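Peer 1: Fold the following and give me the result.
(2 chains)
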2 protein chains.
Amino acid sequence: MKHEDTIRTVAAREGVSVEELAARVRAGRVTLLHNPEHHGVVPCGVGDGLAAKVNVNLGVSAGFSSLDEELAKLEASLKAGADTVMDLSLGPDIRTVRRAVLERSPVPVGTVPVYQAAFEAGYDGGLASMTSAGLLRVVEEQVMDGVDFITVHCGITRSSLETAARGRLMGVVSRGGALLAAWMKATGRENPLFEQFDWLLDLAAATGVTLSLGDSLRPGCIADGSDGAQVQELVTLGELVGRARARGINVLVEGPGHMSLDQVADNVRLQKRLCHGAPYYVLGPLVTDIAPGYDHITAAIGGAAAVAAGADFLCVVTPAEHLGLPTRQDLVDGVVAARIAAHAGDLVRLRARAAGRDEAMATARSRMDWETQFSLALDPERCRLVHSARAYQGESGCSMCGEYCSLKVFKEGVQSCAHQ
Amino acid sequence: MKHEDTIRTVAAREGVSVEELAARVRAGRVTLLHNPEHHGVVPCGVGDGLAAKVNVNLGVSAGFSSLDEELAKLEASLKAGADTVMDLSLGPDIRTVRRAVLERSPVPVGTVPVYQAAFEAGYDGGLASMTSAGLLRVVEEQVMDGVDFITVHCGITRSSLETAARGRLMGVVSRGGALLAAWMKATGRENPLFEQFDWLLDLAAATGVTLSLGDSLRPGCIADGSDGAQVQELVTLGELVGRARARGINVLVEGPGHMSLDQVADNVRLQKRLCHGAPYYVLGPLVTDIAPGYDHITAAIGGAAAVAAGADFLCVVTPAEHLGLPTRQDLVDGVVAARIAAHAGDLVRLRARAAGRDEAMATARSRMDWETQFSLALDPERCRLVHSARAYQGESGCSMCGEYCSLKVFKEGVQSCAHQ
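Peer 2: Numbering: from 1, shown residues only, chains lettered A, B, ... in the order given. Model prediction:
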């Protein structure tokens, strides 16, 4: 697909004009996820003026899950409405899983190449044997496979690592960041993804892969939210975005992590300022640490606040976060929660352009037109199930209020309140 | 329990000084829920400087549920951490259910007396036969039964109803409000709860019941959020709070409803301004209309934003909202979601005073001390279940990342990444 066609496809899907979208892409405020090597992928636009997107993470963990299960998760996530997927597999089947996901996914696929590089190095005596060249070779392999976007933890440096080591409660909680940090400590060398950033830009320019600048130092708990290490890394990421922009290359910037609710909007505004308006891809933010088992809700709270403040892309947090590898149902619950957050945020940042479906739902609701309500809901199946399991026997209304439905009472007046 | 004892009990539970709490109560910024006729109830403080509270609604709906099921819901809700319960039963068993709930509930119990009054009037030819005296008689009966707080829709008046009728998409979605509105339209009379507000204040002064000033005109959809009808009612409620304050009587004020996320904090600040700092009890707010089946999440997003801005009391919205009468599991899911929202908000409004549990969780997490994590979690049982269902066989970590756990990698360095 040529660049013009990509723009046209995305503009049509988003309901914005081609000119408007092209201008935002030129300004680096919208990034198009689309690697031409990923055959059959429908490009996805992320950024300013577009609906906020939702990414879901898949992937086998050494000893857990299987290719079949991950493909079933892919299917369930797409059905639930995920806009992109990342394959975070880490183990011997990493290539097989990635290629199968790429083959089956009509939405852009992301990866974190350092996982494969670290895993492969492990066979030769441990992570310390990983080399800069080996890491870049893996990056190249994945991009040639058709991966649409890659998380590259370019912002963690020897100096930011020192800041993080001082006075942080939870250290480095990003897995890719921790692998690089451990490697940097063991070898005494600088982060290859930082040192070789120009090489990454060359690769992006040559292939169309999107670099997603990972935040290795995202806070892992409320106590670490918006600390020096996090902000220092964001400054570095902003400089890297500037270098990418100078070459006309659009990137994504990744963000937190755990932070209290009042810090979320400030963080988004700071990212937009420091990163020249580049699209912001956030995990959570998780606005409390005490709700494991329900972190899809914790993340929905932070995610909605982030999108309302200008964040563009939410990474799904599932109910299993902090506890174990998510099941298929966990992923579905996570996707729906993130979609709620994205839409609640879009009602703020896109205003009337996002409000049509809500208004149609309200109209259907006031008419007690259940079929239309189901069809407008984010999860029609679930609505139908809940409603019919407790079906009201009257002509309209539902089992919650029965004949005392406020809508009926207000519309039909006192007649509806006489007992038969 | 004498007033001084109530203050002492609440202060101890909240970790604030007796003097500080007493001053806030005198200023009307904290309301104590406690009807001495409710034997065995533990008083609950709601308002400024106290942890945000969570109320769950129970109640049989004509033809749905049973006393046994509602009592099971009460037990499940208390176990999930509800701070108060409201019995919203509407049907022939209304007295039986209320008295059973009062007998078994150690937490304050609320009701909406107009439901009973409307239901009983129904037997005599319909709602229009309800009289002002009949309604007040029901209020009195419920308070004598020991109800700790009652929702009284005092703010809906003939003039605000006219405003609502103009240009609103969804009219009146509060059930109590709709009953009063229908009665007012049918009889041409003014709202008895507005006209007889002094009588209600006398009752509150004599018994210790708390008046919770209901918002009949809360918006029922995003399109109606923060409209003239809603704001006009809030002005009226503010005037009524002023009359209560003049007599040294503390009340609660109830709030929305559906509104976009950016309106939530503004609404809370407006309520605090117009209502002289009275505690604010909000339903939701629901920040989108398109997520039936998941409205506990929609409400958690709005609720967290509301508490962060100063709201004091959240009414649980369950996943069954807009679809049917909630099951026991729906109530539990709703309570947990509301508790997450309340705590996320408290991390903002109470700062360090609310953060201890999060910090302890982060410490346990960084030590991979699972038992402590479970004990600190809002729902230890669920955490244990999710974790053990996917137990990692290694010494520490979990099935999500296995040996590539970021915490292990960062702490133990490259050794942890060599394959055995």
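
Peer 1: Show me what from the stretch 51-200 of chain A comes close to chain B.
Peer 2: For the stretch 51-200 of chain A, the residues in contact with chain B (C-beta under 8 Å from any C-beta of the partner chain) are A:61-64, A:90, A:115, A:118-119, A:121-123, A:125-128, A:169-175, A:177-179, A:181-183, A:185-186. The way it works is simple: take the backbone N, C-alpha and C, and place the C-beta from them, glycine included.

Peer 1: how far away is A:Glu239 from chain B?
Peer 2: Distance of A:Glu239 to chain B, given as C-beta to the nearest C-beta, to the nearest Å: 24 Å.

Peer 1: repeat for A:Leu325
Peer 2: 4 Å.

Peer 1: And A:Asp358, by the same measure?
Peer 2: Taking C-beta to the nearest C-beta, one finds A:Asp358 at 4 Å from chain B.

Peer 1: Enumerate every residue touching that residue.
Peer 2: For A:Asp358, the contacting residues are A:Leu347, B:Cys221, B:Ile222, B:Ala223, B:Thr288, B:Asp289, B:Ile290, by C-beta atoms under 8 Å, 6 or more residues apart in numbering or on different chains.

Peer 1: So which of the residues you listed belong to helices?
Peer 2: With helices taken from DSSP state H, the overlap with the contacts of A:Asp358 comprises A:Leu347.

Peer 1: buried set for stretch A:11-24?
Peer 2: A:Ala11, A:Glu14, A:Val16, A:Leu21, A:Ala22, A:Arg24 (16 or more other C-beta atoms under 10 Å in any protein chain shown).

Peer 1: ok, residues contacting it?
Peer 2: Taking C-beta under 8 Å, 6+ apart as the rule, stretch A:11-24 contacts A:Ile7, A:Arg8, A:Val10, A:Val30, A:Gly45, A:Gly47, A:Asp48, A:Gly49, A:Leu50, A:Ala51, A:Arg353.

Peer 1: and that stretch, how far apart are its ends?
Peer 2: 11 Å (C-alpha to C-alpha, to the nearest Å).

Peer 1: pLDDT averaged over it - what is it?
Peer 2: Mean pLDDT, stretch A:11-24: 97.

Peer 1: for stretch A:54-68, same thing?
Peer 2: On average, stretch A:54-68 scores 86.

Peer 1: Figure out how far it is from the centre of its chain.
Peer 2: Computed by C-alpha atoms, centre = their mean, to the nearest Å, the separation of stretch A:54-68 from the middle of its chain amounts to 16 Å.

Peer 1: Can I get that stretch in PDB, CA atoms only?
Peer 2: This file holds the C-alpha atoms of stretch A:54-68, laid out as PDB (Å, rounded to 0.1, in the frame of the first residue of the first chain):
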ATOM      1  CA  VAL A  54      -6.500   0.000  22.100                       C
ATOM      2  CA  ASN A  55      -3.600  -2.500  22.000                       C
ATOM      3  CA  VAL A  56      -3.700  -5.900  23.500                       C
ATOM      4  CA  ASN A  57      -0.700  -8.000  24.500                       C
ATOM      5  CA  LEU A  58      -0.500 -11.600  23.600                       C
ATOM      6  CA  GLY A  59       2.400 -14.000  23.900                       C
ATOM      7  CA  VAL A  60       3.500 -17.300  25.400                       C
ATOM      8  CA  SER A  61       5.600 -17.100  28.500                       C
ATOM      9  CA  ALA A  62       8.300 -19.800  28.900                       C
ATOM     10  CA  GLY A  63       6.400 -22.800  30.000                       C
ATOM     11  CA  PHE A  64       2.900 -21.200  29.800                       C
ATOM     12  CA  SER A  65       0.300 -21.200  27.100                       C
ATOM     13  CA  SER A  66       0.700 -22.500  23.600                       C
ATOM     14  CA  LEU A  67       0.500 -21.300  20.000                       C
ATOM     15  CA  ASP A  68      -3.100 -22.500  19.700                       C
END
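
Peer 1: Which of the residues in that stretch are classified as buried?
Peer 2: Here stretch A:54-68 shows A:Val54, A:Asn55, A:Val56, A:Asn57, A:Leu58, A:Gly59, A:Val60, A:Ser61, A:Ala62, A:Phe64, A:Ser65 as buried, counting by 16+ other C-beta under 10 Å.

Peer 1: Would you confirm that the fourth one belongs to a strand?
Peer 2: Pointing back at A:Asn57 there. Yes - using DSSP: H, G, I helix; E, B strand; the rest coil, the assignment for A:Asn57 is a strand.
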